[in-house]
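A.B. asks: Give me a 3D structure for the following:
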Amino acid sequence: MRTGGSGHMLNLSQRKMIWDCYGRYFAFGRSFNTRVFAIFLVFVLTLFSYSSFAQSASSTWALTNNGNASVIGNITANSLERSGGVSVGYNSTYGVNSNSWNGSSNLSEDYYQYSVAPQNGNDLTITQIQISHYVGFKTMSGEVYYSLDGFVTSGVSVRTLSVSKSINTVLFSGLSINVNDGQTLTIRVYGWSAHNGNTLFYNSNVSVSGITSAVTTPLLVVSPSILNFGYVEEN
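C.D. replies: Numbers count the residues shown, from 1 in each chain. The predicted structure is shown next:
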């Protein structure tokens, strides 16, 4: 006896419990209400088939010497992307850096981009996002957005940023962003109003954390054949 989807097998104690139910059914014989037993059996099998353990997952972009992500758990992550094909550099203290952040608003489409997705057969719930930021001269503005469709439609604003010449780490906690199996969460850190086109904007220690759970599809196995729902008694 098994569940469908990810193929989780029932353990020995679970199988013994179900077969014990079968035995009790035959012990009671006709005095046992078939419909009640069938409903109970559906409940037990559904409970087991949907029981999957949530696991912690996270992706971190240190950004001190490259744009690669370090992943823990059942997720995948893409390397850092910079809009407009602008080249980037890396600093061991301040992180990734690039210029051309002197647009008038986030509509200038200047951003750093980070993406995570659950591994095949898993759902992901994002609970927190962390970003450290810094600007090389004076101040500038920023804003963090996320999207589940790659920004085909407008993303969701998480928070605006006041970027200064001092490393500032912001933590967005208490989130509940559901990323279903097959979806990708894309995060963009927009920047604008830098002093001029040569001013460098930095990101470092970007992390995305949450939990994953296996996607399961219940498979109801009815045995013996007398419990086929075509034989359920109507009282």
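A.B. asks: ok, so what distance separates the closest residue to Ser87 other than its chain neighbours from Ser213?
C.D. replies: For Ser87, ignoring the flanking residues on the chain, the nearest one in space by Cβ to Cβ, 6 or more residues apart in numbering is Ser98 at 6.7 Å. (C-beta placed from N, C-alpha, C; glycine too.) Distance from Ser98 to Ser213, counting by Cβ to Cβ, to the nearest Å: 37 Å.
A.B. asks: picking that back up, list the residues that contact the residue nearest to Ser87.
C.D. replies: 82, 86-89, 200-201 (Cβ atoms under 8 Å, 6 or more residues apart in numbering).
A.B. asks: Tell me the spacing between it and Met140.
C.D. replies: On the measure of Cβ to Cβ, Ser98 and Met140 end up 13 Å apart.
A.B. asks: can you check Ser154 too?
C.D. replies: To Met140, Ser154 is 22 Å away according to Cβ to Cβ.
A.B. asks: more neighbours, those two?
C.D. replies: Under the neighbour definition other Cβ atoms under 10 Å, Ser154 and Met140 were set side by side, and Met140 has more, 22 against 9.
A.B. asks: Quick check: bridge partners of the residue nearest to Ser87?
C.D. replies: Phe201 (DSSP bridges).
A.B. asks: which element follows the least confident helix or strand in the chain by mean pLDDT toward the C-terminus?
C.D. replies: Lowest on mean pLDDT, DSSP states H and E among the helices and strands of the chain sits helix 34-50, with a mean of 53. The first helix or strand that comes after helix 34-50 along the chain, using DSSP states H and E, is strand 55-61.
A.B. asks: did I read that right, Gly84 in a strand?
C.D. replies: No: Gly84: not assigned to a strand; according to DSSP: H, G, I helix; E, B strand; the rest coil it is helix.
A.B. asks: Could you look up the SS state of Val71?
C.D. replies: At Val71 the chain is in strand, as set by three-state DSSP.
A.B. asks: That one and Trp61 touch, don't they?
C.D. replies: No: Val71 lies out of contact with Trp61 (Cβ atoms under 8 Å); the separation is 10.3 Å.
A.B. asks: looking at the contacts of Ser98, which has the most residues close by?
C.D. replies: Among the contacts of Ser98, the one with the most neighbours (other Cβ under 10 Å) is Phe201, at 26 neighbours.
A.B. asks: wait, isn't that one in contact with His133?
C.D. replies: Yes: using Cβ under 8 Å, Phe201 is in contact with His133, at 7.4 Å.
A.B. asks: hmm, back to that, residues that sit against both of Ser98 and Met140, list them.
C.D. replies: By Cβ under 8 Å, 6+ apart, the residues touching both Ser98 and Met140 are Phe201.
A.B. asks: what's the neighbour count on His101?
C.D. replies: I think there's a mix-up here, since residue 101 is Trp and not His. So Trp101, with other Cβ under 10 Å, has 27 neighbours.
A.B. asks: I'd like the numbering to begin with 5 instead of 1 from here.
C.D. replies: Sure thing, new numbering starts at 5, so read that last one as Trp105.
A.B. asks: just checking, it is part of a helix?
C.D. replies: No: checked against three-state DSSP, Trp105 lies outside a helix; its state is coil.
A.B. asks: residues in contact with the residue lying closest to it once chain neighbours are set aside?
C.D. replies: Once flanking residues are discounted, Trp105 sits nearest to Ala198: 4.0 Å by Cβ to Cβ, 6+ apart. Counting by Cβ under 8 Å, 6+ apart, Ala198 touches 105-106, 139, 141-142, 144, 205.
A.B. asks: one more time with 7 Å, if that's ok
C.D. replies: 105-106, 139, 144, 205 (Cβ atoms under 7 Å, 6 or more residues apart in numbering).
A.B. asks: Understood, closing this out.
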